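> Next come a sequence and a model predicted from it.
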Amino acid sequence: MLPPIPVLANYGISPTHGFLPEVLPLTRLPDPYYNKWEAIAANLQALILSKRLRSVVDRLPVLSTIGLEHDAEWRRAYSLLSFMAHGYIWGGDSPSDSLPPAIAVPLLKVSQRLEVPPVATYAAVCLWNFKPLFMDEDIDNLENLATLNTFTGSLDESWFYLVSVAMEARGAPIISLMLAAIAAARENDASTVTQNLNTFAERLDDLTALLQRMHESCDPTIFYNRIRPFLAGSKNMAEAGLPKGVIYEDGTGNETYRQYAGGSNAQSSLIQFFDIVLGIEHRPTGEKRGREVESERRGQAPAPKHNFIMEMRRYMPGPHARFLGDVQAVANIRDFVAANRDNRSLCLAYDACLSMLSNLRDKHIAIVTRYIVLPSREVRARSRSRSPVATRKMNLAIASRQPQGIAYDARGAAAKQVDGKQSNLKGTGGTALISFLKQARDETGEPAIEQWAQRFMRRQIRTEGQGDFFAGKSEELSGPTEEVEVAGLAGTWTMDDEVGGICNY
Ligand code: HEM
């Protein structure tokens, strides 16, 4: 018997809002018992700016979670505490490697209840951190959205989160639509599958348009230097001043260092849902197509490799991650289309979805180049000209500006606990950021049915030269020659040498 098609309500997923909550995030906790948390959150930017957040939190009593009733209250508490935690860790002259009980104790409880790690995940800063400006208007419209909490109070930070919120809302109807397509494929109803795939492709185009709006109001320099450092996690953060991670002082006396990835849109369940429903497979980073099959053919067990996209599932709310696993078990669209290759409109609709999703990833790569790769180069160039003494001071800015000394640990567990003595700091060799993103984009095109579509999505634009025999190799295009590491959002990566600008793909 076929496994049942997942029912959204069983996973806390809304038919209209998708992975955003059906009940809008609370703008404050109703119980006045939590006024102290609310007061800190309301003054977070000022407290960070004046470097007084830590002393205020250190004097804060440990509040119980007993006054939290509805899910929306738990989510608000999680978001508040995550902002406080990251502000506490990164908002001083040097990062704090311990979180005091006033944050750690309730944050651990709330995270356990919501099945999320106790850090500022995508859920904490995006999914559960927005409000509509006008209640009678839709939340898939950027002009109707505002954030609840930010670290910096900047429009750029709000915009960074809100673009994702709008995308989640605009993409939400695709979830039910594609579950219906799965049901239709079971019934051999090609016309419904085609129709739903066509609608999906159009929506994906909308989502790309929304993604592109990032450029409107989020400045790359502000993003890189001011916003991104607060989203940093505690994993592979040695150079930033957290060699072992962070201790959550839970009062047990048995605390060990914990390491978590930082917040990243890679933790969006929506994009992973698209991949799963379309039958797109993401191999472990760096693994070429067919290589696994090759090792299996030789009767060898393939070496365990790190799959960053899979790891990010552990940073999604538990029910959402479970939903993805259950959808995976019923995803049949790719096989259905492959079994109906003579149905041109069906194949075209399917390939259009892949092409649109690949295009979205293309635009995202350009964003990462503009917002991370290029500013990190600038900072590196500037820090080379500074005196070593000036750069040695470990503060928030330097933490973000210094190239990270540890490459992304390709086998790292999401919430690895590190004991005091273990020096579990070296990664297994860096994964290049843009190569990783390009691999994800290229894998998006792989299941295409029509040959032209496969060719189209496999296209490689060469960037080696200008076709001018007399021109020397320009400094800018040749890029750095040494291996340089760069902190992304959730991961720390090496920087790709071939990146020349935002159009070179
Ligand atoms: C200024 C805006 C953005 C920047 C700088 C950025 C940066 C990054 C970085 C560095 C990664 C690699 C993983 C990591 O280190 O976390 C990543 C992955 C990812 N990002 Fe973004 N991102 C941005 C906006 C978005 C938005 C709005 C979305 C929503 C669709 C998104 C979706 C993803 C996804 C799905 C991945 C995983 C790789 C993939 O599936 O292709 N990003 N991003």
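Okay, I see it. Residues are numbered from 1 along each chain as shown.
> residues from the stretch 201-350 of the chain in reach of the ligand?
Residues of the stretch 201-350 of the chain lying near the ligand by Cβ under 6 Å from any ligand atom: Leu211, Met214, Cys218, Phe223, Ser264, Asn265, Ala266, Ser268, Ile271, Ile309. The way it works is simple: take the backbone N, C-alpha and C, and place the C-beta from them, glycine included.
> mind giving me TSV with these and columns for secondary structure?
Output for these, formatted as TSV (DSSP: H, G, I helix; E, B strand; the rest coil):
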residue	secondary structure
Leu211	helix
Met214	helix
Cys218	coil
Phe223	helix
Ser264	coil
Asn265	helix
Ala266	helix
Ser268	coil
Ile271	helix
Ile309	helix
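> and of the residues you listed, the nearest to Thr147?
Closest to Thr147 out of these is Cys218 (12.3 Å), distances taken as Cβ to Cβ.
> isn't that closest one right next to Asp156, touching?
Yes - the pair Cys218 / Asp156 is scored as a contact, 4.6 Å apart, by Cβ atoms under 8 Å.
> the more surrounded of these two?
It is Cys218, of Cys218 and Asp156, that has more neighbours when counted by other Cβ atoms under 10 Å, with 22 against 18.
> confidence score at the more buried one?
With respect to pLDDT, Cys218 has a value of 98.
> count of neighbours near Ala46?
11.
> hmm, who's touching whatever helix or strand it lives in?
Assigned by DSSP states H and E, Ala46 belongs to helix 44-49. By Cβ atoms under 8 Å, 6 or more residues apart in numbering, the surrounding residues in contact with helix 44-49 are Ile40, Leu53, Val56, Phe83, Met84, Gly87, Gly91, Asn149, Thr150, Phe151, Thr152, Gly153.
> how much space between Tyr350 and the ligand?
Distance check for Tyr350 against the ligand: by Cβ to the nearest ligand atom, to the nearest Å, it reads 19 Å.
> OK, contacts around that residue?
Counting by Cβ under 8 Å, 6+ apart, Tyr350 has contacts Leu197, Leu278, Ile333, Arg334, Val337, Ala448, Ile449.
> For Tyr34, state which of the residues you listed is nearest.
Looking across the contacts of Tyr350 and measuring by Cβ to Cβ, the closest to Tyr34 is Leu278, at 42.5 Å.
> neighbours of the nearest residue to that closest one once chain neighbours are set aside, just the number please.
Residue nearest to Leu278 in three dimensions, not counting chain neighbours: Cys353, with 5.7 Å by Cβ to Cβ, 6 or more residues apart in numbering. Neighbours of Cys353 under the rule other Cβ under 10 Å: 28.
> per-residue pLDDT, Cys353?
On the pLDDT scale, Cys353 gets 98.
> any idea whether it is helix, strand or coil?
helix.
> Correct me if wrong: it contacts Ala201.
Yes - look at Cys353 against Ala201 with Cβ under 8 Å: they come within range, at 4.7 Å.
> For PyMOL, write the select line for the buried members of the residues of the stretch 201-350 of the chain next to the ligand.
When burial is assessed using 16 or more other Cβ atoms under 10 Å, the buried subset of those is captured in PyMOL by this command:
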select buried, resi 211+214+218+223+264+265+266+268+271+309
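> Output the lowest mean pLDDT helix or strand found in this protein.
Here the helix or strand of the chain ranked lowest by mean pLDDT, DSSP states H and E is helix 475-478, holding a mean of 36.
> Give the buried residues for stretch 178-187.
Using 16+ other Cβ under 10 Å as the test for burial, stretch 178-187 gives Met178, Leu179, Ala180, Ala181, Ile182, Ala184, Ala185.
> So which bits of the host helix or strand of Gln195 are buried?
Counting by DSSP H and E, the element that carries Gln195 is helix 190-212. Residues of helix 190-212 classed as buried under the neighbour-count rule (16+ other Cβ under 10 Å) are 190, 193-201, 203-204, 207-208, 210-211.
> Residues contacting the helix or strand that comes right after that helix, please?
Sequence-wise, the next helix or strand downstream of helix 190-212 (DSSP H and E) is helix 214-217. Contacts to helix 214-217, defined as Cβ under 8 Å, 6+ apart, come from residues Leu155, Asp156, Trp159, Phe160, Val163, Ile367, Arg370, Tyr371.
> Can I get helix 214-217 in PDB, CA atoms only?
The C-alpha atoms that make up helix 214-217 are tabulated as PDB, following Å, rounded to 0.1, in the frame of the first residue of the first chain:
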ATOM      1  CA  MET A 214      16.800  42.100  -1.900                       C
ATOM      2  CA  HIS A 215      19.000  44.600  -3.800                       C
ATOM      3  CA  GLU A 216      16.400  47.400  -3.300                       C
ATOM      4  CA  SER A 217      16.800  47.900   0.400                       C
END
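> Let me see the domain layout of this protein.
Domain segmentation of the chain under automatic domain parsing yields 14-192+212-262, 266-310+317-461+479-493.
> taking those together, which one is wrapped up most tightly?
domain 14-192+212-262 (a mean of 20; mean count of other Cβ atoms under 10 Å).
> how long is that domain end to end?
This stretch, domain 14-192+212-262, spans 26 Å end to end (Cα to Cα, to the nearest Å).
> follow-up on the earlier one: quick check: which of the contacts of helix 44-49 are also close to the ligand?
Within these, nothing lies near the ligand by Cβ under 6 Å from any ligand atom.
> re earlier: ok, the residues of the stretch 201-350 of the chain next to the ligand vs Ala9, which is closest?
Ser268 (20.7 Å).
> Excluding chain neighbours, what is closest to that closest one?
Distances taken as Cβ to Cβ, 6+ apart place Tyr122 nearest to Ser268, at 5.9 Å, with adjacent residues excluded.
> Residue numbers of the stretch 351-500 of the chain in contact with the ligand?
Near the ligand, when you scan the stretch 351-500 of the chain using Cβ under 6 Å from any ligand atom, you find 361, 364, 367-368, 371-372, 433, 437, 440, 488-491.
> which one among the residues you listed gets closest to Arg289?
Ala440 (13.0 Å).
> Please verify my assumption that that closest one contacts Asn307.
No - with contact defined as Cβ under 8 Å, Ala440 does not count as touching Asn307 (10.7 Å).
> Please enumerate the shared neighbours of the two.
Common neighbours of Ala440 and Asn307, using Cβ under 8 Å, 6+ apart, are His282.
> returning to what we had before: need the least confident one among the domains of the chain, by mean pLDDT.
Among the domains of the chain, domain 266-310+317-461+479-493 scores lowest, at a mean of 76.
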